[in-house]
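Visitor: next comes the sequence, and after it the predicted model I'd like to discuss.
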Amino acid sequence: MNINLIHFDTSVGVKKPRTMLKSSIDSCPFCDVEHLTDIIDTDGDIIFLKNKYVVVEGSDQFVIIEGSECHSDMPRYSKEKMRRLIRFGLKHWKNLLDSGKYEDVLFFKNYGELSGGTIRHPHMQLVGFPKLNRDLLFDPIELHGEIIFESDGVEINISTTPRVGFGEINIIPPAGNFIDSKSLDTFADFIQIGIDYLTKHFRKDLSSYNIFFYHRENSEGIDQIYAKLIPRFATSPYFVGYNIHFVPNNVKTLAEEIRQIYFS
Ligand SMILES: [Zn+2]
């Protein structure tokens, strides 16, 4: 079958603390810094560590705790903090990719109760897979679309061939700039703008989103990274049941709105 079929350990899954809902009774493990184990690296209050709960069998799972504040998130970070966080994340993503241990390493963020995440405290995840069919992870066309703005060689756009459907914002830095350069500051700034837009303007009640990072060598063999921001709400049954991707007819309007709010 042409899919990545991966085993998930449900016996570990049920032990994970859950703090996403207001009704959750578990205390936040990421606030309890003193009792964190297997810390690999820190930058101020940003912490990179091994995930205690390895639910994806055969994988190595890691967590980046974004800071000490449980109820903060990206739109509230200073520009400096946001840039530092994205650099820190990309550095560890690249280290894992370069380790030679993995066929591929996923780098993503779940935020909010409809994102698939279980912990409210802002964090991101890195998951290394010794075996995985990389070609099935995404299609680069899903990262392109109606261009909102470009600066320092970094493009922010809205998908016109979305992965799922509505409000997918993509950010594409220049090829080859995996770790350093001014364009990575702009990359971080555009991610922050995209999340701010999705949670404050796209839908006023939007509580959940994902960020997915992708990488692929371009036709000249140079590494190209991408970030995709996806607002999360109940997923369309057309997609879940039949794999139909909707192209919303307001993409140009959304692009203009984002331009007006953030780039004029
Ligand atoms: Zn917390």
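Guide: Received the coordinates, thanks.
Visitor: got the buried residues for the host helix or strand of N95?
Guide: Secondary structure assignment for N95, by DSSP states H and E: helix 79-98. Counting neighbours by 16 or more other Cβ atoms under 10 Å, one finds that the buried residues in helix 79-98 are 81-94, 96-97. (C-beta placed from N, C-alpha, C; glycine too.)
Visitor: what's the offset of stretch 62-79 from the middle of its chain?
Guide: Offset of stretch 62-79 from its chain centre (Cα atoms, centre = their mean, to the nearest Å): 13 Å.
Visitor: picking up where we left off before, looking at the buried residues of helix 79-98, which is nearest F8?
Guide: L96 (20.5 Å; Cβ to Cβ).
Visitor: how about the contacts made by the closest one?
Guide: With contact taken as Cβ atoms under 8 Å, 6 or more residues apart in numbering, L96 is in contact with 60, 62, 102, 105, 126, 128.
Visitor: so the fifth one bridges to which residues?
Guide: What it means is L126. F62, F107 (DSSP bridges).
Visitor: distance of it relative to K50?
Guide: When Cβ to Cβ, to the nearest Å is the yardstick, L126 and K50 sit 10 Å from each other.
Visitor: quick one: average pLDDT of the helix holding N95?
Guide: Per-region confidence: helix 79-98 scores 96 on mean pLDDT.
Visitor: start and end of stretch 59-71, how far apart?
Guide: Across stretch 59-71, the straight-line distance between its terminal residues is 29 Å, by Cα to Cα, to the nearest Å.
Visitor: mind checking how far it is from the chain centre?
Guide: The chain centre lies 12 Å from the centre of stretch 59-71; the measure is Cα atoms, centre = their mean.
Visitor: surely H71 is in contact with R120?
Guide: Yes. Counting by Cβ atoms under 8 Å, R120 is a contact partner of H71 at 7.3 Å.
Visitor: which one of these two has more residues nearby?
Guide: A direct count of neighbours by other Cβ atoms under 10 Å for H71 and R120 places R120 higher, at 21 against 9.
Visitor: so is that one in a helix, a strand, or just coil?
Guide: Secondary structure of R120, reduced to three states by DSSP: H, G, I helix; E, B strand; the rest coil: coil.
Visitor: looks like it contacts S72 (just checking).
Guide: No. Between R120 and S72 there is no contact under Cβ under 8 Å: 10.5 Å.
Visitor: ok, back up a step: show me how far the helix holding N95 is from its chain's centre.
Guide: Going by Cα atoms, centre = their mean, the spacing between the C-alpha centre of helix 79-98 and its chain's C-alpha centre is 12 Å.
Visitor: just the CA atoms of it, as PDB, please.
Guide: The C-alpha trace of helix 79-98 is given here as PDB (Å, rounded to 0.1, in the frame of the first residue of the first chain):
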ATOM      1  CA  LYS A  79      10.000  39.400  18.000                       C
ATOM      2  CA  GLU A  80      13.400  38.600  19.600                       C
ATOM      3  CA  LYS A  81      11.900  35.600  21.400                       C
ATOM      4  CA  MET A  82      10.100  34.300  18.400                       C
ATOM      5  CA  ARG A  83      13.200  34.500  16.200                       C
ATOM      6  CA  ARG A  84      15.300  32.700  18.900                       C
ATOM      7  CA  LEU A  85      12.700  30.000  19.200                       C
ATOM      8  CA  ILE A  86      12.600  29.300  15.500                       C
ATOM      9  CA  ARG A  87      16.400  29.300  15.200                       C
ATOM     10  CA  PHE A  88      16.600  26.900  18.100                       C
ATOM     11  CA  GLY A  89      14.000  24.600  16.600                       C
ATOM     12  CA  LEU A  90      15.600  24.600  13.200                       C
ATOM     13  CA  LYS A  91      19.000  23.900  14.700                       C
ATOM     14  CA  HIS A  92      17.800  20.800  16.500                       C
ATOM     15  CA  TRP A  93      15.800  19.700  13.500                       C
ATOM     16  CA  LYS A  94      18.900  19.900  11.300                       C
ATOM     17  CA  ASN A  95      21.000  18.100  14.000                       C
ATOM     18  CA  LEU A  96      18.600  15.200  14.000                       C
ATOM     19  CA  LEU A  97      18.400  15.100  10.200                       C
ATOM     20  CA  ASP A  98      22.200  15.100  10.000                       C
END
